[in-house]
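Novice: Fold the following, please.
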Amino acid sequence: MTTPGPTLETARLVLRPIQAEDFEGWAAFAADEEAMRFLGGVQPRSVAWRGFLSVAGAWSIQGFSMFSVIERASGRWLGRLGPWRPEGWPGDEVGWGLIREAWGKGFAAEGAAAAIDWAFETLGWTEMIHCIDPGNTASQALARRLGSTLLRTGHLPPPYDEPEIGLWGQTAAAWRARRRVDR
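Specialist: Take a look at the predicted model:
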């Protein structure tokens with residue numbers, strides 16, 4: 001079964017709503033201690049399943065959610081990224097999480113840029129954030145690469161309310177101005 005929603009394509013990636021066949025990759029990602037270090041920690045398969053269904057359900061209920069990131073060349077599931085706004089979240093987020101084998105190759109920046117374009121243009125968001133643990137220097141560097149700055153510190157809703165996190169982000173106007181210059 002396919003979750004309703006758009007498919008976005010970049011030079012190397014296909015971003016689409018999650019599908020049932022993505023779960024094995026999702027579960028392996030959730031079980032990887034290093035990949036999950038700043039994403040709430042390792043999750044057993046049963047908890048990963050609940051998170052997987054939450055992302056799928058958000059497409060139906062909210063009309064948006066994180067996309068599965070698929071490498072065009074291989075068809076391999078690389079992770080999930082995109083718009084996210086659970087109950088009690090500190091703002092409209094575009095977040096990311098990729099398998100370790102995809103780190104350092106520019107996939108997160110490429111996919112996040114497409115997701116940010118979509119969130120601002122299609123969802124009509126006027127600003128967006130990235131919720132980043134203070135120790136996650138790689139995600140901070142990616143946020144900077146995307147043109148985001150540290151706006152303030154804050155907390156996610158329970159049970160993820162500790163530790164305090166950095167809320168990075170930017171407005172739609174700043175994003176559009178930067179994109180015009182980059183093109």
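Novice: C-alpha only now, for contacts and for neighbours.
Specialist: Will do.
Novice: show me the residues around G40 that make contact.
Specialist: Contact analysis of G40 by C-alpha atoms under 8 Å, 6 or more residues apart in numbering lists Y160.
Novice: what's the longest helix seen in the chain in contact with?
Specialist: Determined from DSSP state H, the single longest helix within the chain is helix 45-62. With C-alpha under 8 Å, 6+ apart as the test, helix 45-62 has contacts from 3-5, 17-19, 23, 26-27, 30-31, 64-66.
Novice: Dump these to CSV, plus secondary structure and pLDDT.
Specialist: As requested, the contacts of helix 45-62 are exported to CSV (DSSP: H, G, I helix; E, B strand; the rest coil; pLDDT from 0 to 100):
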residue, secondary structure, pLDDT
T3, coil, 59
P4, coil, 78
G5, coil, 90
P17, strand, 97
I18, coil, 96
Q19, strand, 96
F23, helix, 98
W26, helix, 98
A27, helix, 98
A30, helix, 98
A31, coil, 98
F64, coil, 97
S65, coil, 97
M66, coil, 98
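Novice: For G75, which three-state class applies?
Specialist: coil (DSSP: H, G, I helix; E, B strand; the rest coil).
Novice: Tell me the spacing between it and R176.
Specialist: 30 Å (C-alpha to C-alpha, to the nearest Å).
Novice: okay, those two: which has more neighbours?
Specialist: More crowded of G75 and R176, by other C-alpha atoms under 10 Å: R176, with 14 against 11.
Novice: and the helix or strand hosting that one, how far from the chain's centre?
Specialist: Counting by DSSP states H and E, the element that carries R176 is helix 172-182. Once both centres are worked out by C-alpha atoms, centre = their mean, to the nearest Å, helix 172-182 turns out to sit 20 Å from its chain's centre.
Novice: Report the rounded mean pLDDT for that helix.
Specialist: The pLDDT scores in helix 172-182 average 88.
Novice: List the buried residues in it.
Specialist: Using 16 or more other C-alpha atoms under 10 Å as the test for burial, helix 172-182 gives A172, W175.
Novice: Low-confidence bits of this structure, can you list those?
Specialist: Within the chain, the segments meeting pLDDT under 70 span 1-3, 183.
Novice: Which helix or strand lies directly C-terminal to the helix or strand where H130 lies?
Specialist: Taking DSSP H and E as the criterion, H130 maps to strand 127-132. Elements were assigned by DSSP H and E; along the chain past strand 127-132, the next helix or strand is helix 137-145.
Novice: and the next element down the chain from that next one?
Specialist: Heading C-terminal from helix 137-145 (DSSP H and E), you reach strand 149-154.
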